[in-house]
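Chemist: Sequence below, structure please.
(one chain, ligands or ions: 1)
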Amino acid sequence: MLVLLRQGRLSKWFSGIGQEAISVGAVAATNPDDWLLPLHRDLGAFTGRGLPLDRLFRQLLARADGFTAGRDRSFHFGTLEYRIVGMISHLGAMLPVADGLALAAQLRAERRVAVGFIGDGATSEGDVHEAMNLAAVWQLPVVFVVENNQFGLSTPTSEQYACADLADRAEGYGMPGALVDGNDVLAVRDAVAEAADRARRGAGPSLLECKTFRMRGHEEASSTEYVPADLVAAWADQDPIVRLERDLDAAGALDEQARATIRHGLQARIDDLVADALAAPEPTSSPDREVADVWAAPRPLRHPTPAQTTEVPTEVRYLDAISDALRTAMRADDRVLLLGQDIAEYGGVFKVTAGFVEEFGKARVRNTPMSESGTIGASLGLALDGFRPVVELQFGDFVTCGFNQIVNNLATTHYRWGAPVPVVLRLPIGGGLHAGPFHSQNVESWFAGVAGLKVVAPATSFDAKGLLIAACEDGNPVLFLEHKWLYRSLKGRVPDDDYTVAIGRARRAREGSEATIVAYGVAVHWATEAADAIAKEGRSIEVIDLRSLLPWDAAMVLESVKKTGRCLVVHEAPEAGGFGGEVAAVVARDAFAWLDAPVQRLGALDTPVPAAQALEEIFSPKGRLLPTLRALLAY
Ligand SMILES: Cc1ncc(C[n+]2csc(CCOP(=O)(O)OP(=O)(O)O)c2C)c(N)n1
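Modeler: So this is what the prediction gives:
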């Protein structure tokens, strides 16, 4: 790889020279069905697991027939076939995923472990703490392998952490920790084997700190003057391959001639593989194909029967419709399980899951620690091993603590290496309850531009149930935005039994001819109220309820606007950067010739959400809707 780099045929390389014993030793201690979560220097995890080297080289050289078809570089890929879940660049982010994979094994009572690697630098990331804590609390079969090569880019360990050894942290988490000679391949193998054995017996996770040294720069293009030369010389003598050869020599197990034969054989094989990979085609594609591969194909929908929509006996609260959807999805598919804070015996802070433990048990209705990133990362691991987790964020506002897992891990996995990610995140969002800046936010615009996510915002009880069942079956990461104000104030007719509502399809909430209001969530109700009020003045307003924001139903919006000639987009979130801007831009571009007035958008004031009722009323766009609509009609 170093030669290819110098030849300009490889763009980047993070060398593992000097620390090969860790990944090689660790993998040697695993079974083929154990999970590996390797990092950028862990070539030995891939070769040790026996990946086909021709395809691996094509991946490393970004060829069409690598593991990501050129969509991601180097070791940023996974392969379920070989039970490897590769990294994203955000070091630390894969350890919660290791927890999820281990939880899948624990739930199925399979004696399988997950081995998660982490550098000394990345141990300072919050995800690492969340993952270790979660694994210890749930006694998950995870082996955390710290590769302490003494530098994180240029940062020495003295500037990275203040404890004597990282292994000491294990005690604080409630798991065994051990220091391992990371340059002794057999010592690593034995330590990982012991930890894996413990995990398989159900005795929980372990933390192994393997001490080693990074013999080259952080990456090949970066300087190394900050590394003391005498340290490099001392560690060169401890090189793991040199040491193994010495040991084999001393044991009379491998003479010089046998070593030379092995070396030449490998060299010749690698030369051939590189030549083949260099000759392999570069990726080609089309815009349609790239966009199509962002999401896994969703499962077919079950449209409600006409009888289900017209002959519904009872009115159901929005909150109960959501509970009903979860219960329906869990009864239909035992791979669906719930994770969240206080959701089990307590029933969740909004009581959406009250009574669920009694019906489904604690394995499927899981209280988590306060650990949004850890939990969302674990849900990715569960999903990769065949579960369909539904995570309740206690308040939508706290999704910020899981942001990286959502936008970089959940959202990108299918596009990058083809694994479907059936994860639903339920977010109680929105204001009107005078709950202040951190319990009232609307979060959709943080996510509406993230390829790979779906974002759903139901306004009615009927849609809440049907969309949530559809989300549970979709096979892609779905953010399900539940409006807290609607939970107990809105009732609607909801069929008792199973049905789905299509993600990505809007609904005509009210028929009209003179202007279109486009809304979603609570704003749909403001829009219909405004339309009712203005109908008394003899004006006719159509209301389109988007229901889904990613993807959103531009076709229905455009059809409506072409009919009415006027368009107002309204949402509860602040106006600047709000989703209304997206809708307004598409309407202005694609329905320009039909418009009799400029497209309007209306959102909240561009301030944090204030707590006091009087201030929240000033903040909210609700009170400005009617005047804005009148102005639009008068234009
Ligand atoms: C969240 C995050 N912040 C910063 C970086 C940039 N970065 C890439 S590698 C690296 C150092 C990592 O050190 P360590 O975890 O010890 O692993 P090593 O490279 O030494 O194997 C940094 C800072 C990153 N990839 N991710």
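Chemist: Please determine how far the residue lying closest to Leu107 once chain neighbours are set aside is located from the ligand.
Modeler: Distance criterion Cβ to Cβ, 6 or more residues apart in numbering; nearest residue to Leu107, sequence neighbours excluded, is Ala363 at 6.0 Å. No exception for glycine: its C-beta is placed from N, CA and C like everyone else's. Distance, Ala363 to the ligand, using Cβ to the nearest ligand atom, to the nearest Å: 32 Å.
Chemist: ok, now Ala523?
Modeler: 36 Å.
Chemist: give the contact list for that residue.
Modeler: Ala523 is in contact with 459, 570-572, 621-622, counting by Cβ atoms under 8 Å, 6 or more residues apart in numbering.
Chemist: what does Gly116 give?
Modeler: Gly116 neighbours (Cβ under 8 Å, 6+ apart): 37, 94-95, 97-98, 131, 142-145.
Chemist: Is there a quick PyMOL command that grabs whichever of those residues are buried?
Modeler: The PyMOL command for the buried members of the contacts of Gly116 (criterion: 16 or more other Cβ atoms under 10 Å) is given here:
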select buried, resi 37+94+95+97+98+131+142+143+144+145
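Chemist: Which members of the contacts of Gly116 are positioned in helices?
Modeler: By the criterion of DSSP state H, membership of the contacts of Gly116 in helices covers 94-95, 97-98, 131.
Chemist: Taking this protein, what residue is nearest to the ligand?
Modeler: Gly119 (2.3 Å; Cβ to the nearest ligand atom).
Chemist: Residues of the chain that sit close to the ligand?
Modeler: The chain comes close to the ligand at residues 41, 89-91, 119-122, 125, 149, 151-153, 214, 218, as judged by Cβ under 6 Å from any ligand atom.
Chemist: if we go to 5 Å?
Modeler: 41, 89-91, 119-122, 149, 152-153 (Cβ under 5 Å from any ligand atom).
Chemist: and those residues, which are buried?
Modeler: 41, 91, 119-122, 149, 152.
Chemist: Excluding chain neighbours, what is closest to Phe356?
Modeler: Val365 (4.6 Å).
Chemist: Name whatever forms a beta bridge with that neighbour.
Modeler: Leu338 (DSSP bridges).
Chemist: Start the count at 419 instead of 1 going forward.
Modeler: From this message on, residue numbering opens at 419, which makes the last subject Val783.
Chemist: Test my guess that it contacts Ala772.
Modeler: No: Val783 is beyond contact range of Ala772, at 10.5 Å (criterion: Cβ atoms under 8 Å).
Chemist: Would you mind telling me which of the two has more residues around it?
Modeler: Remark: of Val783 and Ala772, Val783 carries more neighbours, 24 against 15, as counted by other Cβ atoms under 10 Å.
Chemist: Next, the contact list for the more buried one, please.
Modeler: 755-756, 761-762, 771, 774-775.
Chemist: Can you classify Ala596 as helix, strand or coil?
Modeler: strand (DSSP: H, G, I helix; E, B strand; the rest coil).
Chemist: How much space separates it from Glu543?
Modeler: Distance of Ala596 to Glu543, given as Cβ to Cβ, to the nearest Å: 22 Å.
Chemist: before we move on, back to that, return the member of the ones in helices among the contacts of Gly534 nearest to Thr728.
Modeler: Val515 (45.3 Å; Cβ to Cβ).
Chemist: The closest residue to Ala695 other than its chain neighbours - how many residues pack around it?
Modeler: Residue nearest to Ala695 in three dimensions, not counting chain neighbours: Phe475, with 3.8 Å by Cβ to Cβ, 6+ apart. Neighbour count for Phe475, taken as other Cβ under 10 Å: 22.
Chemist: And Asp1024, by the same measure?
Modeler: 11.
Chemist: Was I right to think it contacts Glu993?
Modeler: Yes: between Asp1024 and Glu993 there is a contact under Cβ under 8 Å: 6.2 Å.
Chemist: elements contacting the helix or strand harbouring Thr465?
Modeler: Here Thr465 sits within helix 461-466, counting by DSSP states H and E. Under the contact definition 3 or more Cβ pairs under 8 Å, 6 or more residues apart in numbering; DSSP states H and E, helix 461-466 sits against helix 438-446, helix 471-478.
Chemist: Can you say which of those helices is packed in most?
Modeler: Ranked by mean neighbour count under mean count of other Cβ atoms under 10 Å, the helices and strands packed on helix 461-466 are led by helix 438-446, which reaches a mean of 26.
Chemist: From the contact counts, what lies against it?
Modeler: helix 461-466, strand 532-537, strand 560-566, helix 603-618, helix 658-668.
Chemist: can you state the direction angle for the second one and helix 603-618?
Modeler: It refers to strand 532-537. 130 degrees (axes from the mean of the first three to the mean of the last three Cα atoms, to 10 degrees).
Chemist: Rounded mean pLDDT for strand 532-537, please.
Modeler: Strand 532-537 comes out with an average pLDDT of 98.
Chemist: now the last one
Modeler: Per-residue pLDDT values over helix 658-668 give a mean of 94.
Chemist: what about it, distance to the chain center?
Modeler: 43 Å (Cα atoms, centre = their mean, to the nearest Å).
Chemist: continuing past that helix, what's the next helix or strand?
Modeler: With DSSP H and E, the next secondary element past helix 658-668 is helix 674-697.
Chemist: So what's the gap between the helix or strand containing Val1005 and the chain middle?
Modeler: Using DSSP H and E, Val1005 sits within helix 997-1008. Mean-position distance between helix 997-1008 and its chain equals 28 Å (Cα atoms, centre = their mean).
Chemist: Okay, buried residues for that helix please.
Modeler: Applying a neighbour-count criterion of 16+ other Cβ under 10 Å, one finds 997-1002, 1004-1005 buried in helix 997-1008.
Chemist: okay, among these, which ones form the most distant pair?
Modeler: Greatest spatial distance among the buried residues of helix 997-1008 (Cβ to Cβ): Phe997 and Val1005, at 12.8 Å.
Chemist: So for the two, which residues contact both of them?
Modeler: By Cβ under 8 Å, 6+ apart, Phe997 and Val1005 have these common neighbours: Val987.
Chemist: which SSE is Leu737 in?
Modeler: Per DSSP H and E: Leu737 is located in helix 736-750.
Chemist: Repeat that for Ala1049.
Modeler: helix 1043-1052.
Chemist: ok, residues contacting that helix?
Modeler: So helix 1043-1052 is contacted by 932-933, 935, 944-945, 948, 951-952, 957, 959, 984, 986, 988, 1015, 1018, 1020 (Cβ under 8 Å, 6+ apart).
Chemist: sorry, back to before: narrow the contacts of Val783 to those in strands?
Modeler: Secondary structure from DSSP state E places 755-756 of the contacts of Val783 in strands.
Chemist: Quick check: Gln656 touching Phe631?
Modeler: Yes: using Cβ under 8 Å, Gln656 is in contact with Phe631, at 7.5 Å.
Chemist: who touches both of those two?
Modeler: Contacts common to Gln656 and Phe631, judged by Cβ under 8 Å, 6+ apart, are Asn601.
Chemist: Who has more neighbours out of these two?
Modeler: Neighbour totals were compared for Gln656 and Phe631, and Phe631 leads with 21 against 17 (other Cβ under 10 Å).
Chemist: Report the secondary structure state of the more buried one.
Modeler: coil.
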